[in-house]
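A.B. asks: Fold the following.
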Amino acid sequence: MPQTNKLRTAVIGATGYTGLELVYLLTKHPKVEIKYLCATKKLGRKISSFDNRIKKKLPKLTSIKDINWKNLDLVFLSLPNGEAQKILKATYYKYKNLKYIDLSADFRLKNPKIYYENYQIKHKSKDLLKKSIYSISEFNKKIIYKYRIISNPGCYPTSIQLALIPILLKNMVKTYNITIDSKSGYSGAGKNFEKKFNHKNLFDSTFAYGIEKHRHISEIDQEFQKKIRKKINFSFNPHLLPTFRGILSSIYLYTNNKSAKSVRNELVKYYKNASFIKILKLNSHIGSGNVLNTNKCEISVCETRIKNKIIIFSALDNLIKGASGQAIQNMNLLFGFSEKLGIK
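C.D. replies: Take a look at the predicted model:
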């Protein structure tokens, strides 16, 4: 780090929903200095004109061409899929002390063929896929420092993996016939969501989409295989809610003759030192209301009337724990700061 003891950072893609949330949170971080805010449109504008929550005096919007890469320690990439890989291809080997946190899908999938199948983009930095780490913060605290490229997970996969991985590791639940039903506010689709979703009464209705194959399925599959080392048979379907932010994932599964209480106890044990994960009391009602505008994830384990069948609910804010907050949590771990710094 520089002598100022502050991380010199750039946010590339600063004016989208995720980018603005990231900038807002970074202005509250005592160890961060924002050197560049980059966009492709409305250059020269103040970032506060896009988000009136941002009160701190910051650099005006500039093009990526104006960046002095030698003057940076960390770059946040909050860009459409396919763009971050181009930037890394041009800078990774040239600026060897520079680190990156990518909030797109460009480095989430380690197999470029699977990436192409899901995003119809040929990966331009295949050699860097092995040099990156997919990082849900709670699972990578001890190894994240080894990497320069941090791939921030998707918001749905974060809510799902936080709820399931600890109990799958302990073989507490069946690995087949898992049904995952997730609902998200429309900010998860980005500022152009009205082009992606044109169903009737968009702001007044719930809408199921991605029914045959959602992009996040491959991401979840990959991480289950990596951590559990066997095939987890699950179905996943997302829904769009007429709310701006927040995710609630409802996960239906069978235990291996374990009680719902013992499943909850395992989650409590696993996350006993996790600052942002809260395991609610058994059979607690849950929604996204408690986690909005926070980096928290709340999890509730509930019994059903069917023997050995339980439901696990997982709630988080898709723009914070599902994106920008987790990016800062990863940054804190990467540079040895307190994990909670700037995102309490």
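A.B. asks: following the helix or strand of the chain with the lowest mean pLDDT, which helix or strand comes up?
C.D. replies: The helix or strand of the chain with the lowest confidence, counting by mean pLDDT, DSSP states H and E, is helix 193-196 at a mean of 58. With elements assigned by DSSP states H and E, the helix or strand that comes after helix 193-196 is strand 207-208.
A.B. asks: Identify all contacting residues around whatever helix or strand comes next after that following strand.
C.D. replies: Per DSSP H and E, strand 207-208 leads on to helix 216-228 as the next helix or strand towards the C-terminus. Helix 216-228 is contacted from outside by 105, 108-111, 114, 117-118, 134, 139, 153-154, 156-157, 160-161, 164-165, 168-169, 175, 231-232, 234, 236, 238, using Cβ atoms under 8 Å, 6 or more residues apart in numbering. The C-beta positions use only the backbone N, C-alpha and C, and glycine is treated the same way.
A.B. asks: go on, stretch 248-258?
C.D. replies: Here stretch 248-258 makes contact (Cβ under 8 Å, 6+ apart) with 156, 159-160, 163-164, 171-174, 177-183, 263, 286-288, 308-315.
A.B. asks: Now do the contacts for residue 18.
C.D. replies: Going by Cβ under 8 Å, 6+ apart, residue 18 touches 78, 103, 190, 319, 323, 324.
A.B. asks: still on that earlier bit, make a ChimeraX selection of the buried ones in the contacts of helix 216-228.
C.D. replies: Burial among these is assessed by 16 or more other Cβ atoms under 10 Å; the matching ChimeraX selection reads:
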select :105,108,109,118,134,139,153,154,156,157,160,161,164,165,168,175,232,234,236,238
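A.B. asks: Which of the contacts of helix 216-228 fall within helices?
C.D. replies: Counting by DSSP state H, the members of these that fall within helices are 114, 117, 118, 156, 157, 160, 161, 164, 165, 168, 169.
A.B. asks: in the stretch 101-250 of the chain, which ranges drop under the pLDDT threshold?
C.D. replies: For the stretch 101-250 of the chain, the stretches flagged by pLDDT under 70 are 188-200.
A.B. asks: How about residue 121: what's its closest non-neighbour residue?
C.D. replies: What sits nearest to residue 121 in space, not counting adjacent residues and going by Cβ to Cβ, 6 or more residues apart in numbering, is residue 82, at 4.3 Å.
A.B. asks: so who does that neighbour touch?
C.D. replies: Residue 82 is in contact with 104, 106, 119, 121, counting by Cβ under 8 Å, 6+ apart.
A.B. asks: Which segments of this structure make up each domain?
C.D. replies: What automatic domain parsing lists as the domains of the chain is 7-153+322-334, 156-318.
A.B. asks: As a markdown table, those domains with distance to residue 344 would be great.
C.D. replies: A markdown table is the format used below for the domains of the chain (distance: least, Cβ to Cβ, whole Å):
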| stretch | distance to residue 344 |
| --- | --- |
| domain 7-153+322-334 | 9 |
| domain 156-318 | 8 |
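A.B. asks: closest one to residue 340 among those domains?
C.D. replies: Of all the domains of the chain, it is domain 156-318 that lies closest to residue 340, at 5.0 Å by Cβ to Cβ.
A.B. asks: mind checking how far the closest one is from the chain centre?
C.D. replies: Taking Cα atoms, centre = their mean, to the nearest Å, one finds the center of domain 156-318 at 13 Å from the center of the full chain.
A.B. asks: Tell me how far the closest residue in space to residue 6 that isn't next to it in sequence lies from residue 320.
C.D. replies: The shortest distance from residue 6 to any non-neighbouring residue, by Cβ to Cβ, 6+ apart, is to residue 33 (4.3 Å). Distance of residue 33 to residue 320, given as Cβ to Cβ, to the nearest Å: 21 Å.
A.B. asks: for residue 273, same thing?
C.D. replies: 20 Å.
A.B. asks: Neighbour count: the two, which is higher?
C.D. replies: Remark: of residue 273 and residue 320, residue 320 carries more neighbours, 29 against 9, as counted by other Cβ atoms under 10 Å.
A.B. asks: right, and residue 83 touches residue 103 too?
C.D. replies: No: with contact defined as Cβ atoms under 8 Å, residue 83 and residue 103 do not form a contacting pair (11.1 Å).
A.B. asks: For residue 54, list the residues it contacts.
C.D. replies: Taking Cβ under 8 Å, 6+ apart, we find residue 54 in contact with 20, 23, 24, 27, 47, 48.
A.B. asks: For the closest residue to residue 174 other than its chain neighbours, which three-state class applies?
C.D. replies: In this structure, residue 174 finds its nearest non-sequential neighbour in residue 254, 4.3 Å apart by Cβ to Cβ, 6+ apart. Look at residue 254: counting by DSSP: H, G, I helix; E, B strand; the rest coil, its state is strand.
A.B. asks: How about the one 10 residues further on?
C.D. replies: In the three-state summary, residue 264 is assigned as helix, counting by three-state DSSP.
A.B. asks: what about it, neighbour count?
C.D. replies: Quick note: residue 264 (other Cβ under 10 Å) scores 23 neighbours.
A.B. asks: so who does it touch?
C.D. replies: Remark: with contacts taken as Cβ under 8 Å, 6+ apart, residue 264 is in contact with 279, 282, 301.
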